[in-house]
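> Let me see the structure of the following:
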Amino acid sequence: MSGLVAAGADTVPMTAAVHPQTTATDPAPESVTDPAPELAAGHGPGSAAVEPPTSTVVVSATLAQAKATWTDADYPAMGWHDCRIHGLSLAEHSDDGALPQVRLLIDLDYIVRWAGPVEPGHHLTFWISPATLVFDGAWGICGEFGPLFEQLEIADIHRLDPTDEHPEPSWHVEGHNFGFHLRARGFRQHLRSAPRLVPRKVLTSDERGGVSFAERSFQPG
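Residues are numbered from 1 along each chain as shown. Next up is the predicted model:
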């Protein structure tokens, strides 16, 4: 069993790894009047001071040292609010000849840090990395998507204690226009490149290197 859903207006069947978004068409980010230098939004990674961008893409020397691989042990320090999903993949694997297990992979733009505007009254800026979120041994996957003419943005990911005899927690991926549950022992999240400072909550296809489910993390430093 294998399949892929690439998030976007024209992608409904789980049959093709096509990324429909090739240009940035997102609405302008929120504007604020407070010149706060940094805004913490529950996102754990990174602790760098904001650096005013000299272009639409800036890589902070400090954030380049950020942790690149995260696991469910880091869950309390993480947050996925407004992170854009670009693709979902269901794949089977078996390393020992046993019955294959389902793996759920999510390609997303992970907002490492919400940053203040460069000048008072300007839009917020965001430190973002393309990331692969992996749930090994996933089962009990259920949920709904729609309407799919909107992009898929995560509101949050919730970890719920099991209420039956199975030890795996339940994970609720809550979206603004979708939602699904699954059971899995835990997760890994790979930041595939160092965080970039951009004036929006999403990376362009060129900035993120298109859709990818690569399970490799960038090398800090």
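> after the helix or strand bottoming out on mean pLDDT in the chain comes which helix or strand?
When each helix and strand of the chain is scored by mean pLDDT, DSSP states H and E, strand 38-39 comes last, with a mean of 37. Sequence order places strand 69-71 as the next helix or strand after strand 38-39, per DSSP states H and E.
> List the neighbouring strands of the longest strand along the chain plus their orientation.
Looking across the chain with DSSP state E, the single longest strand is strand 101-115. Note on strand 101-115: by DSSP bridges, its sheet partners are strand 38-39 (antiparallel), strand 84-93 (antiparallel), strand 125-135 (antiparallel).
> quick one: low-confidence ranges for the chain?
1-65, 93-100 (pLDDT under 70).
> ok, 90 please
For the chain, the stretches with pLDDT under 90 are 1-67, 91-101, 115-123, 145-150, 177, 220-221.
> Most tightly packed of the strands paired with strand 101-115?
Sort the strands paired with strand 101-115 by mean neighbour count, taking mean count of other Cβ atoms under 10 Å, and strand 125-135 sits at the top with a mean of 24. Bear in mind the C-beta positions are built from the backbone N, C-alpha and C, glycine included.
> Quick one: neighbours of the closest residue to residue 82 other than its chain neighbours, just the number.
In space, and not counting its chain neighbours, residue 82 is closest to residue 201: 5.2 Å by Cβ to Cβ, 6 or more residues apart in numbering. By the criterion of other Cβ atoms under 10 Å, residue 201 has 21 neighbours.
> Surely residue 201 and residue 111 touch.
Yes - counting by Cβ atoms under 8 Å, residue 201 does reach residue 111; the two are 6.4 Å apart.
> Mutual contacts of the two, please.
Residues touching both residue 201 and residue 111 by Cβ atoms under 8 Å, 6 or more residues apart in numbering: 82, 83, 126, 128.
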